[in-house]
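In: how does the following fold in three dimensions:
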Amino acid sequence: MITPKLKRNIKRIIPFGLIWLIFGIIFLFIEHSATKDFGYTVNGVIKLDYRIVLFALPVVTIVGLIIGIIELLFINQLFSKNSFLFKLIGKLIIYSLFLIIIICFTYPIAASIELKTNIFDNDVWSKFTEFLNSITFLSTSFQMAVSLIFALFYNEISEKVGSNAFLNFIVGKYHKPKIESRIFIFLDMKSSTTIAEKIGHHEYFKLLRDYYNILSDAVINYSGEIYQYVGDEMVVSWKISDGKRNNNCIKCFFKMKYDLHNQKNKFIDKFNEHPTFKAGIHVGEVTTGEIGRIKKDVVFTGDTLNTTARIQSLCNELSVELLVSENLLNLLELDKDFLAKFLCSQKLRGKEESIDIYTI
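Out: Residues are numbered from 1 along each chain as shown. The predicted model follows:
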């Protein structure tokens, strides 16, 4: 089975291939249109025919996919602590070297296809030498640079707003508000004010960054979407199908707890503090849509979010780390690994009807 993490990576890598394919088609069309009526051929140019096109388009797509894999699995980590500008320049240098290698590998193959000979023929390498010393080489490099910049730009934007949110913006999924049912978990760090006062706000920010990085792995592994960070509070959301499947929304909480506990000594060594959290989970209808003029965002509104926040706020009062609503339990099919325990029937602030509260 494809794991949620692998599925997420595949969904993020595919657009790299599509971007390179689209620009490959555009540049091939432009080049063909600009030269078809002239009686001469620029040095180093490979004449287009169906064989070259059938070779070139899959190749540029594969190059895009390879760049996506390198970008997401390796380069992003290398430049994770650098500014956007430094990161962009560093990546352009690395990828420029990579693309030169690609040109040296693919051009002789394309030339051998055009000349209908094998790749070791002297004519192929004479044409390749001619290509490297021609304006065609500069044109090809420019085309590849444009494809690369757009691919990197896509990655940076999707990193900032989330790949799902970015795709939703592109396709206009929430341009008009929609009513949908979703599962929400509100996580709140315990004693965050006390921790911030002890270690200072600068160190607290570093702690918060490490804290969120650790929790994010569980969100990825259990098909969640990070909706927002509000200070020391993190809101995660699932589509009903994703959150219900294999009790993902519940397993996500316990995986977060497990991962954070495993890093306890590192937090103590670095900050002399170990963060913990409490959480509330609820399910219900929300209205989802784009909002904002200067800065657009996809937001959820509705009583479901208010109820989830209020459920989470009862954790201290009931002395538990996790509270869930009866609505959520009725949706899930808990297996033998989990035990749901009824705690109380609570009338939440601003609500006329009481809601049954459980812990797991």
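In: what sits against Phe186?
Out: Contact partners of Phe186, counting by C-beta atoms under 8 Å, 6 or more residues apart in numbering, are 233-235, 279-281, 308-309, 311-312. Any C-beta I mention is one placed from the backbone N, CA and C, and that applies to glycine too.
In: neighbours of Leu18, just the number please.
Out: Leu18 has 15 neighbouring residues, counting by other C-beta atoms under 10 Å.
In: let's verify it: helix, strand, or coil?
Out: At Leu18, secondary structure determined by DSSP: H, G, I helix; E, B strand; the rest coil is helix.
In: that one against Gly64, yeah?
Out: Yes - in this structure, Leu18 is within contact of Gly64 by C-beta atoms under 8 Å, at 7.4 Å.
In: if we can go back for a sec, can you flag which of the contacts of Phe186 belong to strands?
Out: 233-235, 279-281 (DSSP state E).
In: what comes into contact with the helix or strand hosting His202?
Out: According to DSSP states H and E, His202 maps onto helix 201-221. For helix 201-221, contacts defined as C-beta under 8 Å, 6+ apart pick out 3-5, 8, 187, 189, 195-196, 199, 224-226, 229, 232, 234, 236, 252-253, 255-256, 259-260, 263, 267, 270-271, 273, 275, 277.
In: ok, of the residues you listed, which come out buried?
Out: The neighbour-count test (16 or more other C-beta atoms under 10 Å) marks 4, 8, 187, 189, 195-196, 199, 224-226, 232, 234, 236, 252-253, 255-256, 259-260, 263, 267, 271, 273, 275, 277 as buried among these.
In: contacting residues around Lys278?
Out: So Lys278 contacts 187-188, 190, 312, 315-316, 320-322 (C-beta under 8 Å, 6+ apart).
In: possible to save those as a markdown table with secondary structure and distance to Glu180?
Out: Shown next, in a markdown table, are these (DSSP: H, G, I helix; E, B strand; the rest coil; distance: C-beta to C-beta, whole Å):
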| residue | secondary structure | distance to Glu180 |
| --- | --- | --- |
| Leu187 | strand | 22 |
| Asp188 | strand | 25 |
| Lys190 | coil | 31 |
| Gln312 | helix | 21 |
| Cys315 | helix | 27 |
| Asn316 | helix | 31 |
| Val320 | coil | 29 |
| Glu321 | coil | 28 |
| Leu322 | strand | 25 |
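In: who wins on neighbours among those residues?
Out: Using other C-beta under 10 Å as the neighbour test, the contacts of Lys278 are led by Gln312, with 24 neighbours.
In: confirm for me that that residue is in contact with Asp188.
Out: Yes - counting by C-beta under 8 Å, Gln312 touches Asp188, with 6.0 Å between them.
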